[in-house]
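> Turn this into a model:
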Amino acid sequence: MKTEELEKYLAHPDTTVVDALQKIDKNAKGVLFITDEDQKLLGTLTDGDVRRWLIKTGDLQADVEHLMNKTPKFVYANNISQCEDYMKKWKVKVVPVVAVDGTVCDVVFADEVREIKDGKKQSLSKVPVIIMAGGKGTRLYPYTKVLPKPLIPIGDIPIMERIIDRFRDFGVQNFYATLNYRKNMIKSYFSDVITDYEIHYVEEDQPLGTAGSLHLIEEDFEQPIIVTNCDILIQGDYRDIYEYHLQSGNELTIVTALKNILVPYGVVHSKENGVITRMEEKPKLSYFVNTGMYILNPGLLKEIPKDTFYHMTDLSAALLEKGRQVGMYPISEDSFLDMGEFEEMRRMEQKLDLKTE
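Down below sits the predicted model:
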């Protein structure tokens, strides 16, 4: 592996969590190897390590040495022929190759994509997924004056179908779609699509927000349900998201994404009487934003007011006000794709590499 390619997978122990997460985004392999100034291996850091740290502390500015695995798995360069056996033994998808002096000289990835996918294939087969598809999509005018937002194509496939396909990778079979605006067009499109899943339609007589229409679903669910907006794609392990909710004790889990905002100016910090305390050049602000995907316990459906315009954020606020547990599952900035506005829709197409479709 060339030096510039290898650099994508390496970071120093004083790298901040937020910068490490951005680097993991860029290499798209979910891992960094932490090395000293001589490139000697000190530890490993996965996106899962970062997620657990953020859930526990919320600290984006900590150095990664505080959360890295300090006993990393690796193979020596003179033993690389057994690399595949080691990866199977350790149940890892990537392993660093270390020279005799301890420096990282290569990274090897397992060609196990199909095996991993097959392992996930039926993991969410019993989980119901509700797609909120009733909005007008006014931010996408004039497109949505012709097509409802769920049928806006990303490449040559409507966004709602892409969302369903992503869930189908994890075995989901039962989908519910809440409809209002141009609902017959949506139903007509999916009636012509050959599928191995079922969509149950829930029709609003009037707009009810991102949660109000959930009250119209008559099914008595016995397990937590997934609710998603119809204009977003989450590139992540849905099985892990769902299992986190089950283990967390949350009544409601919000999938959140890191959002970095660069202030394009030098910022002045001051105190009383206009005295400047310090200057900061082009600071980066980091926040977690609501992606529009939720996992909620089934009993919460009965707490949504009937025939009332009500958002998922209203439900979250009501639970928090009562001191009930609402949690988040953080993902990286690049794992959250939103098509709510034209610029973001183009970014989604680029991220999915649809220019040739």
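
> Would you map the strands across the stretch 201-350 of the chain?
225-229, 232-234, 252-262, 266-270, 276-281, 284-296, 326-331, 336-338 (DSSP state E, counting those that start in this stretch).

> Just give me the lowest mean pLDDT stretch among those strands.
Out of the strands of the stretch 201-350 of the chain, strand 336-338 stands lowest, with a mean of 88 (criterion: mean pLDDT).

> on that earlier part again, could I get the strands of the stretch 201-350 of the chain as CSV with distance to residue 317 and mean neighbour count?
Every C-beta, even on glycine, is put in place using the N, C-alpha and C of the backbone. Formatted as CSV, the strands of the stretch 201-350 of the chain follow (distance: least, Cβ to Cβ, whole Å; neighbours: other Cβ atoms under 10 Å):
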stretch, distance to residue 317, mean neighbour count
strand 225-229, 16, 23
strand 232-234, 21, 21
strand 252-262, 11, 19
strand 266-270, 31, 11
strand 276-281, 33, 9
strand 284-296, 12, 19
strand 326-331, 9, 21
strand 336-338, 22, 22
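
> Give the burial count for residue 346, as a bare number.
11 (other Cβ atoms under 10 Å).

> Residue 82 now?
11.

> Also residue 189?
For residue 189, using other Cβ under 10 Å, the count is 16.

> Quick one, grab the pLDDT at the spatially closest residue to it that is not a sequence neighbour.
Computed as Cβ to Cβ, 6 or more residues apart in numbering, the closest residue to residue 189 that is not its neighbour in sequence is residue 151, at 5.9 Å. On pLDDT, residue 151 comes in at 91.

> and residue 151, how many residues sit next to it?
That count, for residue 151 with other Cβ under 10 Å as the rule, works out to 22.

> contacting residues for it?
Residues in contact with residue 151 (Cβ atoms under 8 Å, 6 or more residues apart in numbering) are 158-160, 185-186, 189.

> Let's see the ChimeraX selection covering just the buried ones among the residues you listed.
Buried residues among the contacts of residue 151 (16 or more other Cβ atoms under 10 Å), as a ChimeraX selection:
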select :158,159,160,186,189
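
> which residue ranges form the helices in this protein?
Using DSSP state H, the helices of the chain run over residues 3-6, 17-27, 47-57, 83-90, 113-120, 143-146, 159-168, 183-191, 209-212, 238-248, 312-321, 342-351.

> Need the contact partners of the last one.
Residues from elsewhere that reach helix 342-351 (Cβ under 8 Å, 6+ apart): 140, 152, 154-155, 233, 235, 334, 337-339, 355.

> repeat that with 10 Å
139-141, 143, 152-155, 159, 162, 231-233, 235, 334-341, 354-355, 357 (Cβ atoms under 10 Å, 6 or more residues apart in numbering).

> The first one too?
The set of residues external to helix 3-6 that reach it, using Cβ under 10 Å, 6+ apart, is 10, 27, 33, 39, 96-97, 104-107.

> so which of those comes closest to residue 207?
residue 27 (42.2 Å; Cβ to Cβ).

> In contact with that closest one, which residues?
Going by Cβ under 10 Å, 6+ apart, the list of residues near residue 27 reads 5, 7-10, 94, 107.

> Could you single out the most deeply buried of the helices of the chain?
helix 209-212 (a mean of 23; mean count of other Cβ atoms under 10 Å).

> I'd like to know which elements it is packed against.
With contacts taken as 3 or more Cβ pairs under 10 Å, 6 or more residues apart in numbering; DSSP states H and E, helix 209-212 sits against strand 129-133, strand 174-179, strand 225-229, strand 284-296, helix 312-321.

> out of these, which comes closest to residue 61?
Closest approach to residue 61 among the helices and strands packed on helix 209-212 (Cβ to Cβ): strand 284-296, 8.3 Å.

> Neighbouring strands - and their directions - for the closest one?
Partners of strand 284-296 in the sheet, by DSSP bridges, are strand 225-229 (antiparallel), strand 252-262 (antiparallel).

> any idea of the angle the shortest one forms with helix 159-168?
For the pair strand 225-229 and helix 159-168, the angle between their directions (axes from the mean of the first three to the mean of the last three Cα atoms, to 10 degrees) equals 150 degrees.
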